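**Q** Sharing a model that was predicted from the sequence below.
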Amino acid sequence: MWCHRLSHLQSRLQDLLKGRVICWALQQPNFKNLFPLAIRWHHTASKSLNCAWQQHEDHFELQYANTVMRFDYVWLRDHCRSASCYNSKTHQRSLDTASVDLCIKPKTIRLDETTLFFTWPDGHVTRYDLDWLVQNSYEGQKQKVIQPRILWNAEIYQQAQVPPVDFQSFLETNEGLKKFLQNFLLYGIAFVENVPPTQEHTEKLAGRISLIRETMYGRMWYFTSDFSRGDTAYTKLALDRHTDTTYFQEPCGIQVFHCLKHEGTGGKTLLVDGFYAAEQVLQKAPEEFELLSKVPLKHEYIENVGECHNHMIGVGPVLNIYPWNKELYLIRYNNYDRAVINTVPYDVVHRWYTAHRTLTIELRRPENEFWVKLKPGTVLFIDNWRVLHGRESFTGYRQLCGCYLTRDDVLNTARLLGLQA
Ligand SMILES: C[N+](C)(C)CCCC[C@H](N)C(=O)O
Ligand SMILES: O=C(O)CCC(=O)C(=O)O
Ligand SMILES: [Fe+2]
């Protein structure tokens, strides 16, 4: 199962390398071979509809829209959309699933046009629209594109010439906002220009797409190299590529940076697409990719500076993938904040270090590094679940403001504007 998925991803790496949009949908297995030939199928009267179904002992099988689907009877009863089972105003289930007999089977099944009618033993009737079943079945879902992304290295990103969105159009038009979010979803980074260089305007910008995620650093943060907090970010030192807040159970979804002032040298920002690097690992060493996605580790933040006392711990693997389709959705990579490894037995930990090295080599390839000098007026949004950031050491006075955003609310805004997220 795992190997099947890996080879499928590998075969599309050529596309990735060219920086094209990729789809993460699984290949559909050939169900035809799974069934004996002597099955009595119910076919639709109209040939054009091209639908066939049959009632098995423990499941219902449907062929429609070039998809072979199998449904469990409890699942079917649980997804009844009748007025007594489902509130279509609130989109919430009213049916108590625990009241459904786990051995339930329909008494009768009938098809009328494009609607299936199931009559259950107690006389309750459920209707299913055929298209609804295709869209909501496991098999139908697997064929869907999940999140279109353009994985990038420096050249791919620069050649794409993604235009920054103007402050006014971002704030005042849905087109501007949508364009911005589209770029953000595709690349994991996006820029807004001509922003008045103040904390208030940065906050206004953030509020347009999401809720600000308040953390122990505050709601909006505003920092210089004064070591006011117990973290290297508050110094002039260089910071290697990393994602932030790896020590939260759910790392912050989005990071917003606005450089309000810099009188000095250095201080360029480094950006690296973590998903691009992970794909390289998947291609070159699939078993290492798998290990990085399976071994949980702790990250930790211990602070005792002045009035600030914090101790945060987050546990999870470096690569987080959805179990049902193996889509990578979150990279947790911060070598500064990685805690003592005590969740991994000795015979696995060495292989883990090897896998971590492979990923680090990919993340550090100069061709994967996109460097940019942040200037007052330009606000950078970073998908902290995908793109790593870092900075060059610097001299002089440098002032950065920004905030974290809740990921759910950014995606909510994107969906409301009609984007796939
Ligand atoms: C952005 N801001 C300056 C507020 C916080 C910096 C947090 C730094 C921490 N080591 C981490 O990577 O999470
Ligand atoms: O100073 C910078 O440019 C970024 C520092 C950093 O990594 C952070 O604040 O999360
Ligand atoms: Fe950071």
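**A** That came through, no problem. The model shown is predicted, which means the values in this text are computed figures rather than measured ones. Numbering: from 1, shown residues only. Ligands and ions are numbered 1, 2, ... in the order given.

**Q** List phi and psi for the residue nearest to the spatial centre of the chain.
**A** In the chain, the centroid-proximal residue (C-alpha atoms, centre = their mean) is residue 329; its distance is 3.8 Å. For residue 329, the backbone dihedrals are phi -130, psi -10 (criterion: degrees, to the nearest 10).

**Q** Tell me who's in contact with it.
**A** The contact partners of residue 329, by C-beta atoms under 8 Å, 6 or more residues apart in numbering, come to 147, 320, 321, 322, 385. Glycine gets a C-beta too; all of them are placed from N, C-alpha and C.

**Q** what number of residues lie near the third one?
**A** Pointing back at residue 321 there. For residue 321, the number of neighbouring residues by other C-beta atoms under 10 Å comes to 19.

**Q** same question, the second one
**A** As a burial measure, the neighbour count of residue 320 was computed by other C-beta under 10 Å and equals 16.

**Q** Over to residue 391?
**A** Residues lying near residue 391 (other C-beta under 10 Å) number 22.

**Q** Look up the closest residue to it, ignoring the ones flanking it.
**A** Of all residues not flanking residue 391 in the chain, residue 239 sits nearest, at 5.0 Å (C-beta to C-beta, 6 or more residues apart in numbering).

**Q** was I right about the one you found contacting residue 231?
**A** No. Taking contacts as C-beta atoms under 8 Å, residue 239 lies outside contact range of residue 231: 9.9 Å.

**Q** Flag every residue of the stretch 151-300 of the chain that's near ligand 1.
**A** By C-beta under 6 Å from any ligand atom, the residues of the stretch 151-300 of the chain that approach ligand 1 are 217, 221, 223, 231, 233, 242, 244, 245.

**Q** try 8 Å
**A** For the stretch 151-300 of the chain, the residues in contact with ligand 1 (C-beta under 8 Å from any ligand atom) are 215, 217-218, 221, 223, 229, 231-234, 242-247, 255.

**Q** From the residues you listed, list the buried ones, please.
**A** Taking 16 or more other C-beta atoms under 10 Å as the criterion, what is buried in these is 215, 217, 221, 223, 229, 231, 233-234, 242-247, 255.

**Q** Point out the ones among those residues that are inside strands.
**A** Mapping those onto strands (DSSP state E) picks out 221, 223, 242, 255.

**Q** Closest one of those to residue 173?
**A** residue 255 (24.5 Å; C-beta to C-beta).

**Q** how about the closest one, what does it touch?
**A** For residue 255, the contact set (C-beta under 8 Å, 6+ apart) comprises 244, 381, 382, 384, 389, 402, 403, 404, 405.

**Q** Same list, the contacts of residue 329, but as a markdown table with secondary structure and distance to ligand 1 please.
**A** Shown next, in a markdown table, are the contacts of residue 329 (DSSP: H, G, I helix; E, B strand; the rest coil; distance: C-beta to the nearest ligand atom, whole Å):
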| residue | secondary structure | distance to ligand 1 |
| --- | --- | --- |
| 147 | coil | 24 |
| 320 | strand | 17 |
| 321 | strand | 22 |
| 322 | coil | 24 |
| 385 | coil | 13 |
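
**Q** Turn those residues into JSON lines, columns for pLDDT and distance to residue 411.
**A** JSON lines is the format used below for the contacts of residue 329 (pLDDT from 0 to 100; distance: C-beta to C-beta, whole Å):
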{"residue": "147", "pLDDT": "89", "distance to residue 411": "10"}
{"residue": "320", "pLDDT": "98", "distance to residue 411": "16"}
{"residue": "321", "pLDDT": "96", "distance to residue 411": "18"}
{"residue": "322", "pLDDT": "91", "distance to residue 411": "15"}
{"residue": "385", "pLDDT": "98", "distance to residue 411": "11"}
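
**Q** Quick check: the farthest pair among these?
**A** Longest span within these, C-beta to C-beta: 147 and 320, 13.7 Å.

**Q** all strands of the stretch 101-250 of the chain, in order?
**A** 108-112, 115-119, 125-129, 165-166, 189-193, 212-213, 220-223, 239-242 (DSSP state E, counting those that start in this stretch).
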